[in-house]
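Q: Sequence and predicted structure, then a few things I'm wondering about:
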There are 2 protein chains.
Amino acid sequence: MDQRFQNLLATAQDKCDGNGLRLTQKRKQVLNILIEASSPLSAYEIKDLYAKQHNENIKPMTIYRALEFLVEANLVHKLNLNNKYIGCARAKCCEHHGYSQFLICVRCGNVEETNVDPVIYEHLVQQAQAYQCEIVMPHLEVACICVRCK
Amino acid sequence: MDQRFQNLLATAQDKCDGNGLRLTQKRKQVLNILIEASSPLSAYEIKDLYAKQHNENIKPMTIYRALEFLVEANLVHKLNLNNKYIGCARAKCCEHHGYSQFLICVRCGNVEETNVDPVIYEHLVQQAQAYQCEIVMPHLEVACICVRCK
DNA sequence: CACGCATTGTTACAGTATAACATAACACAA
DNA sequence: TTGTGTTATGTTATACTGTAACAATGCGTG
């Protein structure tokens, strides 16, 4: 397994240990699949990959539970634009960081993850205040066409 | 029927006529349901409302087709955050306008529609350029908690 | 060990969306 | 007006996405 993946997993483990979260084997296996994948995966794609890698059938419920935990722990993001899940790719994914922003290619599904620009964040907060709304914003999704698909 | 709804429908009709789009009866009925609704609706909620209003069973496929047309025509937006559809609420919805932005309450589902702030838009475009991405961005969805749910 | 709580297993089902092919309505030219 | 191609709708079946409900197991702590 790639060294970089190992590091991500190890830091994820540390983060959970430090926060009283239990990164169990199942959850780690699901996270691992997402980290190794080069693109976002649907829950059922994860299911299939899991079955292939571990030679063991796994039920959707189990996948969704692991995903729920990982999203909660901010180790995985759910992309609503295409109902797929992506491992947090940023080097410091396991420390606190700003909100995530995704450039999602509507043709090939490729995704670039960045931080939400502070200027953007401030504007959003201000707009929300006009409606007395409190921003929760797990992340921002922006549809685009990537360089390879243009 | 509310005068304001009538106006929205009429302008929608005009816009389509002017652009060679056919706002057929089915499509107009679906649009009407969305405009009358005070909150976003799922495709199957539309289906049920349609059945009730017109005393006629309607198949999901038909709803989805109408929605596809209406979204394409920018008369309706699909909120990916909760898989619901909302009629474009802005007074000038039938003229060209900027990109839409939605403040979606994650508790009650209530939605406020505004324009994407030009400053935000510029920042997004610039960020995208760093990845040589071309922004398509039908709209921006921001999760929040509305004033009533705080 | 016993207790309480979090995790996982299992079954069933609800909700969301599209493929594929048939038929009908419409626009427009011959 | 009649033919012709195109767009819209009807119909059936099915794929994909996600959750409810309850049982069993594992884990930490007094």
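A: Alright, I've got the coordinates.
Q: Kindly state the neighbouring-residue count (a burial measure) for whichever residue of chain A sits closest to DNA strand C.
A: Nearest residue of chain A to DNA strand C (CB to the nearest atom of the strand) works out as residue A:24 at 3.1 Å. The way it works is simple: take the backbone N, C-alpha and C, and place the C-beta from them, glycine included. Residues near residue A:24, counting by other CB atoms under 10 Å in any protein chain shown, number 12.
Q: Also the one 3 residues further on?
A: For residue A:27, the count of nearby residues is 23 (other CB under 10 Å).
Q: For chain A, just list every one of the helices.
A: A:3-18, A:25-36, A:43-54, A:60-72, A:118-130 (DSSP state H).
Q: Highest mean neighbour count across those helices, which stretch is it?
A: helix A:25-36 (a mean of 20; mean count of other CB atoms under 10 Å in any protein chain shown).
Q: what stretches of chain A score poorly on pLDDT?
A: For chain A, the stretches with pLDDT under 70 are A:1-2, A:90-97.
Q: so how far is residue B:114 from the residue lying farthest from the centre of it?
A: Farthest-out residue of chain A from its mean C-alpha position, per CA atoms, centre = their mean: residue A:130, at 30.3 Å. With distances taken as CB to CB, to the nearest Å, residue A:130 is found 8 Å from residue B:114.
Q: Over to residue A:125?
A: Counting by CB to CB, the gap from residue A:125 to residue B:114 is 13 Å.
Q: again, but for residue A:133
A: Computed as CB to CB, the residue A:133 to residue B:114 distance reads 11 Å.
Q: More neighbours: the two, which one.
A: Higher neighbour count among residue A:133 and residue B:114: residue A:133, with 24 against 18, using other CB under 10 Å.
Q: which non-adjacent residue is nearest the more buried one?
A: Closest residue to residue A:133 apart from its sequence neighbours, by CB to CB, 6 or more residues apart in numbering or on different chains: residue B:144 at 4.2 Å.
Q: Go ahead and confirm the one you found touches residue A:135.
A: Yes: using CB atoms under 8 Å, residue B:144 is in contact with residue A:135, at 4.8 Å.
Q: The residue nearest to residue A:110 when sequence neighbours are not counted: neighbouring residues, count only.
A: Nearest residue to residue A:110, sequence neighbours excluded (CB to CB, 6+ apart): residue A:146, at 5.2 Å. As a burial measure, residue A:146 scores 21 neighbours (other CB under 10 Å).
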